[in-house]
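Undergrad: build me a model:
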Amino acid sequence: MPGPESQAAGLAMRVRREALRIAAQHHQLDQFHAVFEDALARRDLTSARVAFARFADALEAHFSLEEEFYFPALHGHRRDLTGELAQLTREHAALRGGVAQLTSELAGSDFAACELELAAWTAQLLSHERHEEALLEGSPPAGVAS
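TA: So this is what the prediction gives:
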């Protein structure tokens, strides 16, 4: 049976792998977001709705992966991050609320209102992603080799 140091090293490796996966997902989400923004700029309501649905689905899958797998693994690796991980989960809830608001704006076909809502919401999303990525780049706790 592996000892505590071996288990800690294995968990650290898992966290690093997940960090790469999360960063790749952030990049993919950015691409979906750009397609949605482009459709809004072109005033193509059908394309905007399709692009936003794809983006919203990918975002929800990403949040679920983080909440169900990545955050618990990171918490197991870095107990000192309990408060920050709880904050990230609260930010997910707020961002989900923004998705609902954007869905409503799109249903109303008001491009200007949608663009304003999107700008504010996007700033929150980018801040959230930066916060996550800063945690991912953090050094391992004392006593754990990286």
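
Undergrad: longest helix of this protein?
TA: helix 4-41 (DSSP state H).

Undergrad: ok, residues contacting the next helix or strand after that helix?
TA: Downstream of helix 4-41, the next assigned helix or strand under DSSP states H and E is helix 45-65. Here helix 45-65 makes contact (Cβ atoms under 8 Å, 6 or more residues apart in numbering) with 22, 25-26, 28-29, 32-33, 35-36, 38-40, 92, 95-96, 99, 102-103, 106, 109, 111, 114. Quick note: C-beta positions are derived from backbone N, CA and C, even for glycine.

Undergrad: narrow these to just the buried residues.
TA: Buried residues within the contacts of helix 45-65, counting neighbours by 16 or more other Cβ atoms under 10 Å: 22, 25-26, 29, 32-33, 35-36, 39-40, 92, 95, 99, 102, 106, 111, 114.

Undergrad: ok so, going back, so how far is the longest helix of the chain off the chain centroid?
TA: Taking the mean of its C-alpha atoms, helix 4-41 sits 8 Å from the chain's own mean (Cα atoms, centre = their mean, to the nearest Å).

Undergrad: with stretch 76-90 instead?
TA: Distance of stretch 76-90 from the chain centroid (Cα atoms, centre = their mean) equals 14 Å.

Undergrad: need the CA coordinates for it. CSV is fine.
TA: Extracted C-alpha coordinates of stretch 76-90, given in CSV (Å, rounded to 0.1, in the frame of the first residue of the first chain):
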residue,chain,number,x,y,z
GLY,A,76,-7.7,17.2,-1.0
HIS,A,77,-4.4,18.5,-2.1
ARG,A,78,-4.6,22.0,-0.6
ARG,A,79,-6.9,22.1,2.5
ASP,A,80,-5.9,25.8,2.9
LEU,A,81,-8.0,26.6,-0.2
THR,A,82,-11.4,25.7,1.3
GLY,A,83,-12.6,29.4,1.4
GLU,A,84,-11.4,30.1,-2.1
LEU,A,85,-13.0,27.0,-3.6
ALA,A,86,-16.2,27.9,-1.9
GLN,A,87,-16.0,31.4,-3.4
LEU,A,88,-15.4,29.9,-6.9
THR,A,89,-18.5,27.7,-6.4
ARG,A,90,-20.5,30.8,-5.4
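
Undergrad: no further queries at this time; thank you.
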